[in-house]
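Student: With the input below, show me the fold.
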Amino acid sequence: MTRALITLSLALSLACAGGKDAANEDSGGGDSVIDTEDDVIDADGDGVRYEFDCDDNDASIYPGAAEPCDQRDNDCDGSVDEGANASFYADDDGDGYGRDTSEVLACEAPEGHVSIGGDCDDNNRDAYPGAEEVCDGADNNCDGAADEGVTRTYYADNDGDGDGDPAAPISGCELPPDAAPSAGDCDDNDPTLNSNDADGDGLASCDGDCDDNNADRAAFCEYATLSGEFIVSGGACTYMVAGEVADPSTACPSCDFGFLSDGVQSTVNAGCTLSFSAMYAYDIDAASFKFLFLTSSGTYYELGPFPGTLTYGAGYDTLSFYGASRFGQTYEGSFTLLP
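Tutor: Numbers count the residues shown, from 1 in each chain. The predicted structure is shown next:
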């Protein structure tokens, strides 16, 4: 009885041992179950266990991977393309520069965007950083100032003579109204005085030219002496005259003037006054000449006005006149005027 129990116990032990080996043989033997489990732990073979890999089906995605610009979270930090995006800016005017306030991050430039910002006026294709500054009232080079270094200086021209007041400069791109490009006017309230030198004789009215429309009137405007000859009634009485200026031509450019002179009969004829003193006056605007006689007897005679012509010369001027007086005689003469 005891022997039979020992035999049965041994048989059961052998049966159990034989079952484990059979199971191992059916499953392929060895540690194949553990290998299969390892494959499941890192499906994409990138060396990172699945519980740490945010995409265990892509070997390029795992913690610490490089982050290229591909719209994916390559390094498993919860962000997409961080540090790999580039900045782009909307460029509405197509000048190659975008406005900073329109910055977007992207892998490639969106339509209508460029990689360079800094455009201060994205509606003006002539305005961008580094552009040439032109005189147009705009900040072309985006430095915060408009038209710097390209404006011209003009000058206020109150009297409209084309010459400006040097004390009243005006900066601009074009000539403003009531302004002139030059600044030499010595009196901007008098159009007859300026530095224009209209007749090209080297002297302007501001320099003393009292007739800037005549190139022969340059070196002098005021006369100092008068000399010459005049005849009465066709030569019945002939007189030589000479005198000093009494009323200088200070009202240039009209150049009216007056002389106080003495007259002497050059050929003694009966009925003619031998000598006299006279005041001569010329009105250049009216082109008329007149004179006032004072005879030796103390009698005054005002003669004229006669039509007169002033001819300009390089070193002297000539005054010629001809006409009938109120007493019936004719007067004709020619005087030389010297500065």
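
Student: any idea how far residue 143 is from the residue nearest the centre of the chain?
Tutor: Centrality entry for the chain: nearest residue to the mean C-alpha point is residue 151, 2.0 Å, by C-alpha atoms, centre = their mean. Going from residue 151 to residue 143 by C-beta to C-beta, to the nearest Å gives 15 Å. C-beta: built from backbone N, CA, C; applies to glycine.

Student: Next: residue 131.
Tutor: Distance, residue 131 to residue 143, by C-beta to C-beta: 10 Å.

Student: These two: who's more crowded?
Tutor: Shown here are residue 131 and residue 143; by other C-beta atoms under 10 Å, residue 131 has more neighbours (20 against 13).

Student: show me the contacts for the more buried one.
Tutor: Residue 131 makes contact with 140, 141, 142, according to C-beta atoms under 8 Å, 6 or more residues apart in numbering.

Student: ok, so of those residues, who is nearest residue 192?
Tutor: Each of these was checked against residue 192 using C-beta to C-beta; the closest is residue 140, at 42.9 Å.

Student: The protein: helices as residue ranges?
Tutor: With DSSP state H, the ranges of helices along the chain come out as 2-26, 32-41.

Student: can you give me the strands for this protein?
Tutor: 86-90, 104-106, 113-114, 152-156, 169-172, 179-180, 225-232, 237-247, 257-265, 275-283, 288-295, 300-312, 317-324, 330-338 (DSSP state E).

Student: ok, residues contacting the fourth one?
Tutor: It refers to strand 152-156. 135, 164-166, 168-173, 175-176, 178-183, 185, 188.

Student: Quick one: low-confidence residue ranges for the chain.
Tutor: Applying pLDDT under 70 to the chain picks out residues 1-40, 216-221, 248-255, 314.

Student: and if we set it to 50?
Tutor: Under the criterion pLDDT under 50, the flagged ranges of the chain are 1-36, 251-254.

Student: List the residues that contact residue 281.
Tutor: So residue 281 contacts 247, 256, 257, 258, 259, 289, 290, 291 (C-beta under 8 Å, 6+ apart).

Student: Identify, from those residues, the entry nearest to residue 329.
Tutor: Taking the contacts of residue 281 together and measuring to residue 329 by C-beta to C-beta, the closest member is residue 291, at 13.2 Å.

Student: who's the closest residue to residue 294 other than its chain neighbours bridged to?
Tutor: Ranked by C-beta to C-beta, 6 or more residues apart in numbering and with sequence neighbours excluded, the top spatial neighbour of residue 294 is residue 277, at 4.6 Å. Listed beta-bridge partners, residue 277: residue 262, residue 294 (assigned using DSSP bridges).

Student: thought residue 277 was touching residue 260?
Tutor: Yes - using C-beta atoms under 8 Å, residue 277 makes contact with residue 260 at a distance of 7.3 Å.

Student: burial of residue 54, as a residue count?
Tutor: Neighbours of residue 54 (other C-beta under 10 Å): 18.

Student: contacting residues for the residue nearest to it when sequence neighbours are not counted?
Tutor: Closest residue to residue 54 apart from its sequence neighbours, by C-beta to C-beta, 6+ apart: residue 76 at 3.9 Å. Contacts here follow C-beta under 8 Å, 6+ apart; on that basis residue 76 touches 52, 53, 54, 55, 61, 62, 63, 65.

Student: Okay, buried residues for stretch 266-273 please.
Tutor: Neighbour-count burial for stretch 266-273, with 16 or more other C-beta atoms under 10 Å as criterion, is recorded at residue 273.

Student: first vs last residue of that stretch, how far apart are they?
Tutor: 11 Å (C-alpha to C-alpha, to the nearest Å).

Student: what's the offset of that stretch from the middle of its chain?
Tutor: Remark: stretch 266-273 is offset 74 Å from the chain centroid, using C-alpha atoms, centre = their mean, to the nearest Å.

Student: Can you name the residues in contact with that stretch?
Tutor: Against stretch 266-273 from outside (C-beta under 8 Å, 6+ apart): 229, 232, 236, 237, 238, 239, 240, 265, 274, 293, 295, 296.

Student: what about the closest residue to the first one other than its chain neighbours, neighbour count?
Tutor: Put plainly, it is residue 229. Computed as C-beta to C-beta, 6+ apart, the closest residue to residue 229 that is not its neighbour in sequence is residue 240, at 5.5 Å. Using other C-beta under 10 Å, residue 240 has 14 neighbouring residues.
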